[in-house]
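J.: could you look at this predicted model? Sequence included:
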Amino acid sequence: MATASPVPTPSHRRSLRKRRTVVVTAAAAAAGIGAGFLVLSANAASTSASVDLFHQTLGAKDGWASSGTGTTGGAKADAAHTFTVSTRAQLVKALGSTSDTTPRIVKIKGTIDANTDDSGKKLTCADYSAGTGYSLSTYLKDYAPSTYGTSKLPSGTQEKARHAAQVKQAKNIVFKVPANTTVVGVPGTKAGITGGMLQVQGVDNVIVRNLTFAATQDCFPQWDPTDGDSGNWNSQYDAVTLRGATHVWADHNTFTDAPGLDTSDPAYYGRQYQIHDGDLDITKGSDLVTVERNQFTNHDKTMLIGSSDTDSVGKLRVSIHHNVWKGIVQRAPLSRIGQIHIYNNYYDTTALNGYTLLYSVNSRAKAQVVVQNNYWKVSASQKLGKLFSGDGTGSIAGSGNLVNGTATDLVAAYNAANSKKLKTTVNWTPTLTAGLEATAKNLPTELATTTGAGVLS
């Protein structure tokens, strides 16, 4: 492959093309990305008047998820397994059991608040901690580094209570997706999930589309004094998590912390009390995933590929294309071990709502990453050597990447500024590249109105 082009130590733990249409996306406007233009969509199938959005399947050669049997989700669902839901309880019932692999389509109409009970009553962190004995003030007192030390994870009464409260929250906000399922937002309804997590674990053939995932929050982060140089608070829930999942297509979704931004969270033990984990994490041997035309905004640890340096060799094959990353701190993505193709994405690295860039793409644990024809918007003060990151074992190859419209070798910029060099060749050549654009120059305007939730109709 052609060559593509020290930052503070971050925590790396788990902690559409033919029809013109007028689109106004509220999610895009809120993120400062753009809305309200006559646009030429870049996915022919998703906006074609002749295509049923709910039954649509991933196109041929559209990234790793098109490999082998491809990704069809619930396209073969019968009427008895086609659901329209608008509450948390309805969503749980529609998803059913993960042991039931019957094709199903789950249409989400409007915004579902995951932090509600079966009757729709709003639940708070206090509701989840009730009866567990957990108290944040007591937890902070018991595990203060000055008295508890910094060499081991918390243990004892309050840690057990914290874990029990976290388990109670998980039972309410984690939605387990079975194999052969499409979860899709109904156009025009501001469809999405607030405060919840879609868990795609150990299953094959799942589609997630046209949804806004907002404010996924852990009420009970765990303190880990051994994480990083000064310890960290680690939270439990991603907006969407793939764990040992295969053939997954995530398309036209919006991911955001809003309205619960990091700037509103306190600091304890000198570290931010982090209640957010990942936006879309792909771990534990997940494989054959395509992530396209999403918006990632207002978030820190955005996308993790590979949960550890010993995750599954031969898997973690992911294609990431035509996404917008704006107001992202890091992990866009962080890649371990796998073969990852990152192409035709737009990275706006301008600080947003307190989210300031640490790096965009990280290749570590011998990851084989191809970064091709992407566009970075950076300020005059941004050092180009900080757009990439690595541990000295990962590779990034590629070409055609633009910074403020100028072709730039970002690997060379990183290597010139760091002792742990990124390798410049990879052991594979991408072939599943449908939609690959030969130049990145038009991405800032094109992707402003063709990505995220609310675009598809």
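T.: Thanks, I have the structure now. Residues are numbered from 1 along each chain as shown.

J.: any idea what R271 is bridged to?
T.: Counting by DSSP bridges, R271 forms beta bridges with Y268.

J.: what sits against it?
T.: Shown in contact with R271 (CB atoms under 8 Å, 6 or more residues apart in numbering): S230, G231, N232, W233. Quick note: C-beta positions are derived from backbone N, CA and C, even for glycine.

J.: burial of the closest residue to the second one other than its chain neighbours, as a residue count?
T.: The spatially closest residue to G231, leaving aside those adjacent along the chain, is P225, at 4.0 Å (CB to CB, 6 or more residues apart in numbering). A total of 20 residues lie near P225 under the criterion other CB atoms under 10 Å.

J.: isn't P225 right up against P145?
T.: Yes - assessed by CB atoms under 8 Å, P225 is found in contact with P145 at 5.7 Å.

J.: which neighbours do these two have in common?
T.: Joint contacts of P225 and P145 (CB under 8 Å, 6+ apart) are G231, Y269.

J.: report the separation between T356 and D300.
T.: 10 Å (CB to CB, to the nearest Å).

J.: more neighbours, those two?
T.: D300 (23 against 13).

J.: quick check: which element contains the more buried one?
T.: strand 295-301 (DSSP states H and E).

J.: give the buried residues for that strand.
T.: Q295, F296, T297, N298, H299, D300, K301 (16 or more other CB atoms under 10 Å).

J.: cool, and stretch 139-159?
T.: Quick answer for stretch 139-159 (16+ other CB under 10 Å): Y139, D142, Y143, Y148, P154, Q158, E159.

J.: could you dump the residues you listed to CSV with distance to A332 and secondary structure?
T.: Listed next are these as CSV, based on distance: CB to CB, whole Å; DSSP: H, G, I helix; E, B strand; the rest coil:
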residue, distance to A332, secondary structure
Y139, 32, helix
D142, 36, helix
Y143, 32, coil
Y148, 34, helix
P154, 31, coil
Q158, 35, helix
E159, 32, helix
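
J.: secondary structure class for the residue of the chain most remote from its centre?
T.: Going by CA atoms, centre = their mean, the residue of the chain most distant from its centre is T147, 36.9 Å out. Secondary structure assignment for T147 (DSSP: H, G, I helix; E, B strand; the rest coil): helix.

J.: columns pLDDT on top of the buried residues of strand 295-301, output as a markdown table?
T.: Converted to a markdown table, the buried residues of strand 295-301 look like this (pLDDT from 0 to 100):
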| residue | pLDDT |
| --- | --- |
| Q295 | 98 |
| F296 | 98 |
| T297 | 98 |
| N298 | 98 |
| H299 | 98 |
| D300 | 97 |
| K301 | 97 |
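
J.: so which of these comes closest to D391?
T.: K301 (16.5 Å; CB to CB).

J.: what is the closest one paired to in the beta sheet?
T.: Q330.

J.: pick out the residue nearest the middle of the chain.
T.: Closest-to-mean residue, the chain, CA atoms, centre = their mean: L280 / 2.2 Å.

J.: and for L91, nearest residue in space, chain neighbours not counted?
T.: Nearest to L91 is V85, by CB to CB, 6+ apart, at 4.8 Å.

J.: report the beta-bridge partners for that neighbour.
T.: Residues in beta-bridge contact with V85 (DSSP bridges): I108.

J.: that one and N362, how far apart?
T.: With CB to CB as the criterion, V85 and N362 are 37 Å apart.

J.: between these two, who's got more neighbours?
T.: Higher neighbour count among V85 and N362: N362, with 27 against 20, using other CB under 10 Å.

J.: can you pull the contacts of that one?
T.: Counting by CB under 8 Å, 6+ apart, N362 has contacts H12, Q330, R331, P333, L334, S335, F388, S389, G390, G394.

J.: over to it: give its phi and psi.
T.: Dihedral angles of N362 (phi, psi; degrees, to the nearest 10) stand at phi -120, psi 130.

J.: look up how far W376 lies from it.
T.: 15 Å.

J.: also T439?
T.: 14 Å.

J.: more neighbours: which of these two?
T.: Each of T439 and W376 has its neighbours counted (other CB under 10 Å); W376 has more, 25 against 12.

J.: where do the helices sit along the stretch 51-200 of the chain?
T.: 88-95, 125-129, 136-142, 145-148, 157-173 (DSSP state H, counting those that start in this stretch).

J.: hang on, the earlier thing: mind checking which of the contacts of R271 are buried?
T.: G231, N232, W233.

J.: on that earlier part again, which of the contacts of N362 lies closest to V455?
T.: Once CB to CB is applied, the member of these that ends up nearest V455 is P333, at 22.2 Å.

J.: residues near the residue nearest to I328 when sequence neighbours are not counted, how many?
T.: Of all residues beyond its chain neighbours, the one nearest I328 is T302 (5.2 Å), with distances taken as CB to CB, 6+ apart. By other CB under 10 Å, 26 other residues sit near T302.

J.: again, but for A161
T.: Neighbours around A161, by other CB under 10 Å: 19.

J.: residue contacts, the residue nearest to Y269 when sequence neighbours are not counted?
T.: The shortest distance from Y269 to any non-neighbouring residue, by CB to CB, 6+ apart, is to P145 (5.8 Å). By CB under 8 Å, 6+ apart, the contact list for P145 reads P225, G231, Y269.

J.: hmm, 10 Å instead?
T.: S151, W223, P225, S230, G231, Y269, G270, R271 (CB atoms under 10 Å, 6 or more residues apart in numbering).

J.: the second one reaches K141, doesn't it?
T.: This points to W223. No - assessed by CB atoms under 10 Å, W223 is found out of contact with K141, at 11.9 Å.

J.: next, show the common contact partners of the two.
T.: Y148.

J.: assumed T439 was part of a strand.
T.: No - assigned with three-state DSSP, T439 falls outside any strand and is coil.

J.: that one against N373, yeah?
T.: Yes - under the criterion of CB under 10 Å, T439 makes contact with N373 at 6.5 Å.

J.: need the overlap of contacts for the two.
T.: In contact with both T439 and N373: N344, G400, L402, using CB under 10 Å, 6+ apart.

J.: look up how far A416 lies from the first one.
T.: N344 sits 26 Å away from A416 when distances are taken as CB to CB.

J.: the two: which has the busier surroundings?
T.: Neighbour tally, N344 and A416, criterion other CB under 10 Å: the higher count belongs to N344, 27 against 11.

J.: residues touching that one, list them.
T.: Counting by CB under 10 Å, 6+ apart, N344 has contacts 42, 292-293, 320-323, 372-375, 400, 433, 435-440, 442-443, 446-447.
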